[in-house]
Every structure is written in structure tokens, then in C-alpha cells.
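Colleague: Okay, here's the prediction I keep looking at, along with the sequence it came from:
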Amino acid sequence: MREPGNILDALVHSVSAELLLRDPEATGEGVRIAVIDTGIERAVMEAQARRRQQDLVPIEGGIFSPGQAEPAPYTGRQSSPHGTTVADIILTLAPKARLYSADVFGSRAGSDVESLIHAIGWSVHTWQCKIINLSLGVSESQLAALPRRQRLQRAIEDAYYHDVIVFAAAHNDHPLEQSYPAAFAPPLLSVDKGNFPDAYHFAYELNHGIEFQAHCRGYLGPFANEPATSWAAPHLAGIVARLLSLRPGLKPFEVKTLLYWMFNGGNSRSTAREPYKE
């Protein structure tokens, strides 16, 4: 009779992570993803889809501003190329995912905590997204007031309780600096940049509260080739969108467990142990 541990080991190793991620049905189809960022340039995404000979699922969204009960209509434009680079990374991995552009910058030079909280709630309850990507951060000084920090944390927890998987980019100078909401992990998935040869590689390595590392270069935009946590977070979000298209009902804790298995026990090629270093 086999020992229970040996049976479990055999089960865990019966399917490789590589095979799972490369499944032709793992396209992100049916998965709604909110990109809370600077907006997504629709025309650029359409051009990218034509270049890849793919059909672009229509992009919806809104522009979130302080004091506004509802977001302004999505115009298909961006306030900077940052959000478009993030969107392109997600669609590179999950081309059939449905994107929602939550522009929390608009024509302003920066965003604010209230707009961010509003966008998270809108993504969960109105757009009913399964994934939220936050390739942005709020400094500790901006969240010095405890009530403001608690409201942001409650928004992240509300997403978790509604089975929404939130990805947040670590500070680019992590661990010397930290930012929110990445510092709220768990319940969200926090992502740092790591040394990987391609988009399908990632690692689980707890490092000063940040749990995951992912490929940290983009494919489109003036700063895409600069290694950044902003590009790492959507890589992991795209990987999870692929998994959700195979099993849509996965909950956040199940996704995290699956990623942990894929890195540690699933014969994965994802084998980085060190954060990104120049």
C-alpha cells in the first residue's frame, strides 16, 4: 500500500505546469479583466490584434474622477502609454480576455486614493470582473491617514470576498520602498520583477511581504523594455486569465495555491529564485 504522501506526490506531478499553460484552450476567453491605470488606447490594441492575426474582444471602461458618482464614458484614449502597455501584456498571454479600462488618471498628472477605491468597487460590482490589475502604487505618505488606508484595504478585501483576483505591482525599489495596495498582500497577489526568459515564467518567493515574481519587460510603448514591476503584474494576471479560461470557478485562494504548485511541484520551467537585478 502506498503512503498517502507518495500518492499525493504522484497526483501533483501527473500534469506539468508547462502543459497546463500551453493548453490551446487557455486563451482567457470568458474572463473579464479590469486594468486600473492610465487608460487603454483602443486603436493601438486593434492594430496589435491585426498584427497578431487575432480578433480583439471589444474594450469597455470609464474614467474615474474625485467626487463623481459614476465614471465618465470610456473614450478609447489614454492619458499616457502606461495603461496600453499593461493591456498589451495581458492580451499577449490571454488574447480572448475581455478588458475593462478603469482610467484613474484622466487628464490629471496623478491619481488619487478615492478614485482608485471607486474604480476597484466599480470593477467588482458593475463590470463583474474576475481579475483586477493594479500596475500602480500609492506611497505610504499618501496613506498616512489611517481611515484612508482602511478604506483602500476594505476595497481590496471586498474584491476578495467576491472571488475577484487582484494583482498589485510592488514598488520598483522593493524592498527598500513599499507602496499600497501591494503591501496589503494577502488577500491580493503582489508581484515583483524577476529574471525570466519569457512571459510564461514566474516564481513564488516570499520577499518582505511580496509573494510572486514575473517577467518584467513589455512589448509595446516607449518604456516597455525597461524592467519594471508595472510589467510584471500583468504577466502574472495574463497567466491566471489563461488558467481561468480552463476553470472559470477558481477562487483567489485556489489560484494562489495553483500558482504555488506550478512553481514548486508542477514540473514548471519557472525557476527564478532571485529578484530582478541589473
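Modeller: Noted; the coordinates are in hand.

Colleague: Can you get me the start-to-end distance on stretch 26-36?
Modeller: Stretch 26-36 stretches 23 Å from its first residue to its last (Cα to Cα, to the nearest Å).

Colleague: and the gap between residue 22 and residue 202?
Modeller: As for residue 22, its distance to residue 202 is 14 Å (criterion: Cβ to Cβ, to the nearest Å). Quick note: C-beta positions are derived from backbone N, CA and C, even for glycine.

Colleague: Settle it for me: which of these two has more neighbours?
Modeller: residue 202 (28 against 11; other Cβ atoms under 10 Å).

Colleague: Beta-bridge partners for that one, please?
Modeller: Beta-bridge partners recorded for residue 202 (DSSP bridges): residue 214.

Colleague: Surely it and residue 260 touch.
Modeller: No. Residue 202 is not in contact with residue 260 according to Cβ atoms under 8 Å; the separation is 10.7 Å.

Colleague: quick one, what contacts residue 263?
Modeller: Residue 263 makes contacts with 17, 202, 203, 204, 270, as judged by Cβ atoms under 8 Å, 6 or more residues apart in numbering.

Colleague: CA atoms only: put the longest helix seen in the chain into PDB for me.
Modeller: Secondary structure assigned by DSSP state H gives helix 229-246 as the longest helix of the chain. As requested, the backbone C-alpha atoms of helix 229-246 are provided in PDB (Å, rounded to 0.1, in the frame of the first residue of the first chain):
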ATOM      1  CA  THR A 229       7.000  45.800 -11.600                       C
ATOM      2  CA  SER A 230       4.300  47.500 -13.700                       C
ATOM      3  CA  TRP A 231       5.000  45.000 -16.500                       C
ATOM      4  CA  ALA A 232       5.500  42.000 -14.100                       C
ATOM      5  CA  ALA A 233       2.000  42.200 -12.600                       C
ATOM      6  CA  PRO A 234       0.100  41.900 -15.900                       C
ATOM      7  CA  HIS A 235       2.200  39.000 -16.900                       C
ATOM      8  CA  LEU A 236       1.000  37.100 -13.900                       C
ATOM      9  CA  ALA A 237      -2.500  38.400 -14.500                       C
ATOM     10  CA  GLY A 238      -2.400  37.100 -18.000                       C
ATOM     11  CA  ILE A 239      -1.200  33.700 -16.900                       C
ATOM     12  CA  VAL A 240      -4.100  33.500 -14.400                       C
ATOM     13  CA  ALA A 241      -6.500  34.500 -17.100                       C
ATOM     14  CA  ARG A 242      -5.300  31.500 -19.100                       C
ATOM     15  CA  LEU A 243      -6.000  29.300 -16.200                       C
ATOM     16  CA  LEU A 244      -9.400  30.800 -15.500                       C
ATOM     17  CA  SER A 245     -10.400  30.100 -19.100                       C
ATOM     18  CA  LEU A 246      -9.800  26.400 -18.300                       C
END
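
Colleague: and the angle from the helix or strand following that helix to helix 229-246?
Modeller: Heading C-terminal from helix 229-246, the first helix or strand you meet, by DSSP states H and E, is helix 252-264. Put simply, helix 252-264 runs at 100 degrees to helix 229-246, going by axes from the mean of the first three to the mean of the last three Cα atoms, to 10 degrees.

Colleague: Find the nearest non-adjacent residue to residue 162, please.
Modeller: Once flanking residues are discounted, residue 162 sits nearest to residue 124: 5.3 Å by Cβ to Cβ, 6 or more residues apart in numbering.

Colleague: what residues are up against residue 237?
Modeller: 33, 90, 131, 133, 165, 167.

Colleague: next one: residue 188
Modeller: By Cβ under 8 Å, 6+ apart, the neighbours of residue 188 are 134, 156, 159, 160, 166, 167, 168, 181, 182.

Colleague: Equivalent analysis for residue 96, please.
Modeller: 27, 28, 29, 30, 55, 57, 245.

Colleague: neighbour-wise, which of the residues you listed leads?
Modeller: residue 28 (27 neighbours).

Colleague: the helices in this structure, which residues?
Modeller: Taking DSSP H as the criterion, the chain carries its helices at 4-12, 17-21, 42-51, 82-93, 113-125, 146-161, 229-246, 252-264.

Colleague: Of all these, which one is nearest residue 139?
Modeller: Residue 139 lies closest, by Cβ to Cβ, to one member of the helices of the chain: helix 113-125, at 10.4 Å.

Colleague: now, the most widely separated pair of the contacts of residue 96?
Modeller: Greatest spatial distance among those (Cβ to Cβ): 55 and 245, at 15.1 Å.
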